[in-house]
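**Q** Sequence plus predicted model, see below.
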Amino acid sequence: MSTHDIVARLKRDARYRARGNRFADFTPGQTFAHHWGRTITEGDNTLFCVLTMHYNPRYTNAEVARAEGHPATPVNPLLVFNTVFGLTVEDCSEGGGPFLGVDDLVYGVPVYPGDTLTAASETIDCRESGKRPEFGIVTWATRGVNQRGEEVVRFRRTNLVRKAR
């Protein structure tokens, strides 16, 4: 079978699948235990620091980290936040709609390479959008923990969420 035939078959067999939840799918008090989790590696941390030009030596220099009392180089907290935030997307915001912001961001225990992060969110507010009738406004409280159940980050985030599929 040629590449052309394979591509044609894939296109023929493809089915549209609406992804993510819509505004009507959310209710205050609803909880999500987000799937999978993510193990953070030293390479993840180094690449994140370099790509974001975050050169605080605490996150890239083992000697500096040890001198500050860390047993190893801690993971950049912004990578911790972004990782936990990313774990929430499929359940909370994959259905589409602009991100409106994060509030009450608090970091917990440091994360070190090899730690596995998981996340859970609670829907804390749902309301109609006064300016965009095709969207609602939803706020979630999210908590990220490591493999020992220790809180590494918590925050509230708000999105416009599409109403229709």
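**A** Cool, got the structure. Only a predicted model underlies this, so the values are computations on that prediction, with no experimental measurement involved.
**Q** Output the below-cut-off pLDDT ranges for this protein.
**A** Low-confidence segments of the chain, defined by pLDDT under 70: 16-18, 165.
**Q** got the residue ranges for the helices in it?
**A** With helices called from DSSP state H, the chain shows them at 3-13, 42-51, 62-67, 77-92.
**Q** what angle separates the longest one from helix 42-51?
**A** Computed with axes from the mean of the first three to the mean of the last three C-alpha atoms, to 10 degrees, the direction of helix 77-92 lies at 100 degrees from that of helix 42-51.
**Q** buried ones in helix 77-92?
**A** 77, 79-81, 83-85, 87-88, 90-92 (16 or more other C-beta atoms under 10 Å). Backbone N, C-alpha and C define where each C-beta goes, glycine included.
**Q** Does anything pack onto it? Which helices or strands?
**A** Where contact means 3 or more C-beta pairs under 8 Å, 6 or more residues apart in numbering; DSSP states H and E, helix 77-92 is packed against strand 31-33, strand 38-39, helix 42-51, strand 99-107, strand 116-128, strand 135-145, strand 151-162.
**Q** I'd like the helices of the chain as TSV, with distance to V161 appended.
**A** Shown next, in TSV, are those (distance: least, C-beta to C-beta, whole Å):
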stretch	distance to V161
helix 3-13	30
helix 42-51	28
helix 62-67	40
helix 77-92	8
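**Q** Tell me which of those helices approaches C126 most closely.
**A** helix 77-92 (11.8 Å; C-beta to C-beta).
**Q** which residues touch that closest one?
**A** Outside helix 77-92, the residues that touch it by C-beta atoms under 8 Å, 6 or more residues apart in numbering are 19-21, 32, 34-38, 40, 44-45, 48-49, 52, 54, 102, 105, 107, 111, 117-119, 121, 138, 140, 142, 144, 152-153, 155, 157, 159.
**Q** Against D125, how distant is R143?
**A** Between R143 and D125 the computed distance is 17 Å (C-beta to C-beta, to the nearest Å).
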